[in-house]
Each structure stands twice: as C-alpha cells, then as structure tokens.
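Novice: Pasting a predicted model and its sequence here:
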Amino acid sequence: MALLALRLGHSGLLPAPPLRRHRQRQQRQRLLVSCSAVSDGGAAVVWFKHDLRLDDHPGLVAACAEPRRRVVPLYVFDSRILAGYSDTRLELLLFALKDLKLALKSQRSDLLIGLGNAEDAVLKITNEVQAGVIYTEEEVEQCVCSVLANVESSLSNGSFTRGNPPEIKFWSAPLYDYKSLRQLSTSRNQFLNEKFSTTTALPAPTLPTLNVELDTGSLPTLEELKVFLKESRMAQDNWVPIKSTSARSILKAALIQRKIKSNVSLSDGDGENIEDITTSAGAPGRKIAGSMFASESSLEVRGGTDITLDALDAYLKYLEGTGKASWQELHDKVRFAETRDGASFRTLFGNAIQLGVISRRRAYQETIQYERDRNAGFLSPFGYSTPTVTSAVDAICSLEWYWLLALKSQVSIEGNYPLKFWRWKGYLIQYTSVGHEGPAVLLVHGFGASLQHFRDNISNIADEGHRVWAITLLGFGKSEKPNVDYSELLWSELLRDFIVDVVREPVHLVGNSIGGYICAIAAGLWPSLANSLVLLNSAGSVVPNYSFIPLSKEGRTSWLSRLQARLLLLFLRSRVGGILKGYYPTRTERVDKPLVDEIIRASYDPGATTVIESIFNFNLSIPLNFLFDSFGGNILVIQGIKDPLIKSESFISMLREHCSKVQIRELNAGHAPHDEVPDEVNSLLSEWMKTNKTELKPALEKSKAI
C-alpha cells in the first residue's frame, strides 16, 4: 500500500462519543511507559505530529520498551492540521521530516507517510500492521484535538483483523515535574512558589527493525504539498489568499488611492507579519556550506535534531566568537533577529520547537548546562551570565507556561462555555464558541481584559439564535504574550485570520474599547469579512475632512519605556479594583472578585510587561470615519455616556455630524456597558442583528474602498 499515492477521501468530521472522550481524557498521562496492555504481540504505531524527533520522545520510548514488538512510525499530511501553516513553516516541516526519516533509516526503521484525513490513514495502517496500541502526543490546539477525536471515533467504530481496536495512549514531555494537572495553579506566582523540579530529557531509544511488507511512501516536495493543501480547501476556505498581504500594505495602498497624505510612502518597509521577518538576513550572493538555514534570507533554523542542537550551541556561545562558518552565519542572523531585547531565540528556534524537532525540556536542559559550565557548576540567583541564555530560558519557560494553561483548560471548565485554543503564527490564542446555528458574531474585548469580559453576553446572544465566538487577543488573558511589537494593525490581522481560519464566514464584529477600534480596522481593511460593525465605547476618534493620516513606525523600545511599563504594572496590580469601579459608575458591584482576579492573574504571566509597554507606542491615528467609509456597511455605536476615559458627549456629537450613517444608542453606563448593563446591551444586539440579516458575501470580494 503506497500511502502517499492514495488520496484518502475527506470524510465529514465525526465527533467522538462524549463518554468515550471523557474517559480518554481521564486516562491520559504525561509519561507513558507501561505496555502491558499489548503484551499479545500487537504492533505499536507511533503517530508523529508535532514531535518530529527520536530524542526525548516518551511515546517512542514506551513503544520500544517491549522486546520483539514491531514499532511502526507514521506521519500523516492532514490538511486540517496544516491549514494554518505558512509556506515557510511547510518548508521547515519537510526539512524536519526528511531528517527524521533518515534517522529512522539509520536504525533500519522508516517513517510511513500518509496524505489525507488522519482517521482514514491511521485506521488503514493499524489494520495493515495489526497494531495493538497507538502512541501520539497530547495536543492543545482545537483543530488537532478535533482530528484526534475523529481518529478515536473511527477506531472505536472500525473492524480489525486482530479483534479489538488498538488503544490510543497519549504522552507529553513536560518541563516541570508536577503531580496533578487539575490542581495546577493558573497563577504564575503560585506556580513558581511550588518550586517544581525540572524533568530530564530522555535519550533516543534503539528501534527494532521495521519488518513490514508496506510501501512506506516518499515525502512530497514543497510545491506538491502546497497543491495538496489548495485542493483540500472547501468553499469556506477561499478567503485564505487575503491573509497574504499585511494590514499596513493595504492601508498604505488605500491612502495612495484616495490621495491622502501620510508620513510613509508605499516603498517603505511594509511591516510584514511577525512570523515573516526574513529579509536582509544574509549577505547577497554569499553561500555557506552546511548552512543551518533554508536560504540566505531565512531567520528560522531548519533541519532535524542534530542541526538544531548545533545551532542552539552556537546561539548560546554567541559572545564567545567562532571560526566555524555555519556558526558565524548563525551569529550574523542573531543580530537581525534581535528586533527587541531577547526576541532572537523565538525567531530562530520557535518553529523548531513547535514542530518538535527538539523538545522544550531538551532546549532548557542544554541552556542550563551551558550556564552551569560557565559558572563552575552553579546557577547565580542574580540572573544569567549572557543575554542569549536569558533569551532562551525566558522563551522556553514562556512556551511551557502557556502550553500548561491550554492543557489545563481541557480538564478544568471555566464559566459556562468551553475554552479552546488556536495557534496563530506559532502563538496560542484562547477563544470560545457557543451556539450551533444562526448568524456568526465575534466579540472582541478591550485592553487588559479577555473573552471572560463577555461573561454575561456570550450565552445570551447564542440563545437568541446566533453562533457566538469570543477571542482573547494576543497578549491578554490566557493567550500567549510573546516578545513582539504589539500594535492595532497586528491585532487586526489576528482578527482577520481568526475569521478566515476558524469562523470561516462573515461575522457581526462587536468590540469594546481598543477592541472596538481593532474591529473597525478589520472591517475597514477587509470589508468582506464583516456583516456589520458594533462599537462599545470604542477607542479612536473622528477627524473631520481628514487629509493627512500618520502611520506609526515600529522600532526598538527604550529603557525608559520598559521602566515605565514595570512601574505602571505594579501600580495597576495594586489598584485594579478601584480603577475598574471607576469604569462601572452605575453598577460598581459588577466589579467582582472573578473579574479582578483574572486581570491580576494575567498580569503575572510571562511577557505581561511587554504588553504594557505597547501603551506608550499606541498610535490611534487612523480616523474612525475613514474606517467607516472604507467598510461601507452598517454600523452601530453603543455608548456608555458616563465613560471616564472618553468624553462621550463630544464623541457622539462628532459621530452625528460626520458619520451620518452610523446608528447611535446611549446607555447610562461607563466604559464597559456590555458588562455593566449586560441585559440592555444584549437586547440592543439582538434587535440590531434581526434588522441586519447575515449577508453571504463572495469570499474574494474586492473592497469598494480599498
């Protein structure tokens, strides 16, 4: 059977039986070494997904633990798992798989390759090799968790030549030796106070010879893989191409088209997405033998475990200098990747860790060992000795923390709705979805909040016959807080990609405060994604007869802004309750303990200071009326007239004078009317959506304005 040659059909998504799924969750363990369930000689299938290595692989160790058992490594190119991958990440994936396949062949094993739906591929291969157990890594991304549920359902309903269906065993390689995921604190402070010891990375096991009469298949080329993913798209996925152009590029083109002056020209750097900072990273025409990178312009380390560990060694020894050409090339890249203090590690190694070429704990172990070697076997309590060690430790611990928060959300339900995670450009983003039919609604919170700020809106709107999504923006709540430059345009691209990749149809965009401004940008730049726009005490301003719109230029932050951010964060933690009560002038009792506790909890997360820093760089210079004109759709402004942050009377007056098509509703509330007077806001939203029926728009509709 040539798995690659066989295009497995796209079957519908089959939900796993609830009780079975619940039992599976209870049975999952972080480290699996017991193999007694398959002592009858059934083969063990190791299904690789984001764990493309032999080193520090608990699932592979467990599969090889029983003598004389066949171990069958498998990778499946499933379009649902790869849907959000950029071309860069697809290329890095192929590099990693090529090295993994070579490493397996060196042990007289091999990697079987599947192309299609994972449930079909796994069912076929387990029958072919008469597998008794399948080892695969625990996942937190909703799209991958759905694939796992489909595989579980397919196996439970399938027929097998050896009788019983194979058992799926989930594994993980946690950095910290905690005992109970359910009892794990989501407070970073409390977690650190527990002083968990770190776990040790496992050595690569010796694999048995793969003695099966199967065509293992061959890896596709990058172009073949891109064609496969394009052909796998459904009608709802035809929006995907609009993600290829940055918000900044679209905005500058619009300014030129309308002959509006700005402080930048179209030829200026386009401020591309944070994943794609790959230009000018190498000298033109220069070729490095044995390069650690896919191309001269690439900043992401490519290849398998050995290449990545060598690159990590070079990175940690950045200050020591080197005569090795490949190490010197990496040192040159570090200078381009260090766009912010400490940002280079995630840029260079983020993809390798997310693809599982090396594990987080192996990277941590190598980093700490280097630090000990520099300090006669000790770790200083006053910080690390080099900036690259600091960058590596901070990034790895941050990755581990947000992975733990996402994993815990699968076993601990918060509120009345399920919390899910979506990976955007390598970062975990928290969201929820409630409702099964009706128009789509996307709720976007303000600065410092999270999707929980819509605690009394989500279910109510869904009960009125809508499918409701609420997202926690990058940098807030339990979403990741990476070391990047935060901006309104960055967040608008996040909304765009969430609508395209997750919701997959036009939405009614509803945003509060800075979230409202971001919604307005998304609607203005990509009108086909929004059916209507609702602003709840939105940030931004109305500028009459705008003839000049300045655009912010991203740059390094100063030591002063970092100091200001730390001081501001300390102040906000001590006064958050009182500050919030000022925003809820008519119902201060709504500022309750859960609301305050979650904001304080998030303020201790890794990267929180970087997010606060962004306050000093905000440039809300794009006029709301410019964005409204660009959108061209129906707009509702719900304004709490007692807002202490916005002069509501003046703002409403400007709207009425210069935005005649905007409908305005005034409420006796403050800055967060949706949470202060949720019943009134829910009623207004229900009425609004009834009078603004969902309009099915062509996926690639050209904007009339931009």
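Specialist: Now that the structure is in, tell me what you want to look at. Model, not experiment: these values are computed from the prediction.

Novice: how about low-confidence regions in the stretch 501-650 of the chain?
Specialist: 553-557 (pLDDT under 70).

Novice: And for the stretch 201-350 of the chain?
Specialist: In the stretch 201-350 of the chain the weaker segments, taking pLDDT under 70 as the threshold, are 235-237, 265-289.

Novice: where's the nearest residue to Val393 once chain neighbours are set aside relative to Gly342, distance?
Specialist: Once flanking residues are discounted, Val393 sits nearest to Thr367: 5.8 Å by CB to CB, 6 or more residues apart in numbering. Any C-beta I mention is one placed from the backbone N, CA and C, and that applies to glycine too. With distances taken as CB to CB, to the nearest Å, Thr367 is found 13 Å from Gly342.

Novice: of the two, who's got more company?
Specialist: Neighbour totals were compared for Thr367 and Gly342, and Thr367 leads with 23 against 17 (other CB atoms under 10 Å).

Novice: Now for the more buried one: which residues touch it?
Specialist: Leu312, Leu316, Val389, Ala392, Val393, Ile396 (CB atoms under 8 Å, 6 or more residues apart in numbering).

Novice: pretty sure the fifth one is touching Tyr364, no?
Specialist: I take that to be Val393. Yes - here Val393 reaches Tyr364: they are 7.0 Å apart, a contact under CB atoms under 8 Å.

Novice: And those two? Which one has more around it.
Specialist: Per other CB under 10 Å, whichever of Val393 and Tyr364 has more neighbours is Tyr364, with 21 against 18.

Novice: can I assume the more buried one is in contact with Ala395?
Specialist: No - at 9.8 Å, Tyr364 does not count as touching Ala395 under the criterion of CB under 8 Å.

Novice: how much space between Gly356 and Thr199?
Specialist: For Gly356 relative to Thr199 (CB to CB), the value is 16 Å.

Novice: just Pro594 next, same as before
Specialist: Where Thr199 is concerned, Pro594 sits at a distance of 33 Å (CB to CB).

Novice: buried set for stretch 567-579?
Specialist: Of the residues in stretch 567-579, Leu569, Val576, Gly577, Ile579 count as buried by neighbour count, 16 or more other CB atoms under 10 Å.

Novice: need those in JSON lines with secondary structure, can you?
Specialist: Rendered in JSON lines, the data for the buried residues of stretch 567-579 read as follows (DSSP: H, G, I helix; E, B strand; the rest coil):
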{"residue": "Leu569", "secondary structure": "helix"}
{"residue": "Val576", "secondary structure": "helix"}
{"residue": "Gly577", "secondary structure": "helix"}
{"residue": "Ile579", "secondary structure": "helix"}
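
Novice: Number of residues surrounding Cys145?
Specialist: 17.

Novice: May I have the phi/psi pair for it?
Specialist: The phi and psi values for Cys145, taken as degrees, to the nearest 10, are phi -60, psi -40.

Novice: Likewise for Leu535?
Specialist: The phi/psi pair for Leu535 (degrees, to the nearest 10) is phi -110, psi 130.

Novice: what's the answer for the one 4 residues further on, then?
Specialist: Note on Ala539: backbone dihedrals following degrees, to the nearest 10 are phi -70, psi 170.

Novice: excluding its backbone neighbours, what's nearest it?
Specialist: In space, Ala539 is closest to Tyr517, 4.2 Å off (CB to CB, 6+ apart).
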